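Visitor: Next one to model:
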Amino acid sequence: MKTLVKFIIFLFIVGCGSVKKMSVPDFDCKTKSFQYDSSFTINGGIKYYIAEDFANQATKDYTIEAIQKKYTDFFKQYTEPTTNIHDTSVVDTIYKFHDENDTIEFYRAKHKDLLKKFNVTSPAFSLYGCISTGMKKDSLLNRFNIKHSAGDVIKVGNEDKSAVFTIQFKNNQVQRIVSTPYLD
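Guide: Alright, predicted model coming up:
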């Protein structure tokens, strides 16, 4: 009996000793902000804000596997083979996740998955920095330190325009976020 008790205590100590508690830093959505580097007006009078930090990280949590795991009840999924434009002997795959209002697409090449389209209206799809539909317009503008008024559409992206997010407002709230990143 003493041997059994000693063995259980030993297992408890060894088992507890090997568990590492990981601390995840708190991400406070109310205080996170991005400083846009510059802005200019593009076609139709739409303001384009360059915010590298946001643009380069905005969709980093969206992967094929993450969507399949987190949004299985939300999205319909289908795949479509497509010929690689650089090597026509290679067949790649388009992964499309969608419902009536939201679409997220990926291009799966041999060695990499690339986000092809991000078009959402549901607040369930939050971007880096807790940017999502349903946010108040003023809150979004404050998050990017935009001090002047903005129209019903703004674009936020990186300088080379490989990651651009079109943000549409309606009734003083973010209604839709669209991005079609540059692929090659």
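
Visitor: Just give me the residue closest to the centre of this structure.
Guide: Nearest residue to the geometric centre of the chain (Cα atoms, centre = their mean): residue 59, 2.4 Å.

Visitor: Can you give me the pLDDT of that one?
Guide: The model reports residue 59 with a pLDDT of 93.

Visitor: Report the buried residues of stretch 101-119.
Guide: 102-109, 113, 115-119 (16 or more other Cβ atoms under 10 Å). (Glycine included, C-beta is placed from N, CA and C.)

Visitor: can you list the weak-confidence ranges in this structure?
Guide: The chain contains residues with pLDDT under 70 at 1-32, 35, 184.

Visitor: those strands in it, which residues are they?
Guide: 38-42, 46-50, 76-83, 91-98, 103-108, 113-120, 153-157, 164-170, 173-179 (DSSP state E).

Visitor: Point out the one among those strands that comes closest to residue 139.
Guide: strand 173-179 (8.8 Å; Cβ to Cβ).

Visitor: Could you list every helix and strand in contact with that closest one?
Guide: strand 113-120, helix 137-143, strand 164-170 (3 or more Cβ pairs under 8 Å, 6 or more residues apart in numbering; DSSP states H and E).

Visitor: OK, contacts around the nearest residue to residue 91 once chain neighbours are set aside?
Guide: Sequence neighbours aside, residue 81 is the residue nearest to residue 91 in space, at 5.0 Å (criterion: Cβ to Cβ, 6 or more residues apart in numbering). Residues in contact with residue 81 (Cβ atoms under 8 Å, 6 or more residues apart in numbering) are 91, 92, 93, 94.

Visitor: Format those residues as JSON lines; extra columns: distance to residue 33 and neighbour count.
Guide: Putting the contacts of residue 81 into JSON lines (distance: Cβ to Cβ, whole Å; neighbours: other Cβ atoms under 10 Å) gives the following:
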{"residue": "91", "distance to residue 33": "44", "neighbour count": "11"}
{"residue": "92", "distance to residue 33": "38", "neighbour count": "19"}
{"residue": "93", "distance to residue 33": "38", "neighbour count": "14"}
{"residue": "94", "distance to residue 33": "35", "neighbour count": "15"}
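
Visitor: between those, which is nearest residue 36?
Guide: Once Cβ to Cβ is applied, the member of those that ends up nearest residue 36 is residue 94, at 32.3 Å.

Visitor: separation between that closest one and residue 63?
Guide: Residue 94 sits 15 Å away from residue 63, going by Cβ to Cβ, to the nearest Å.

Visitor: Report the two of the buried residues of stretch 101-119 separated the most.
Guide: Those two in the buried residues of stretch 101-119 that are separated most widely, counting by Cβ to Cβ, are 102 and 109, at 23.8 Å.

Visitor: returning to that earlier point: looking at the strands of the chain, which is nearest to residue 128?
Guide: Closest among the strands of the chain, once you apply Cβ to Cβ, is strand 164-170, at 10.4 Å.
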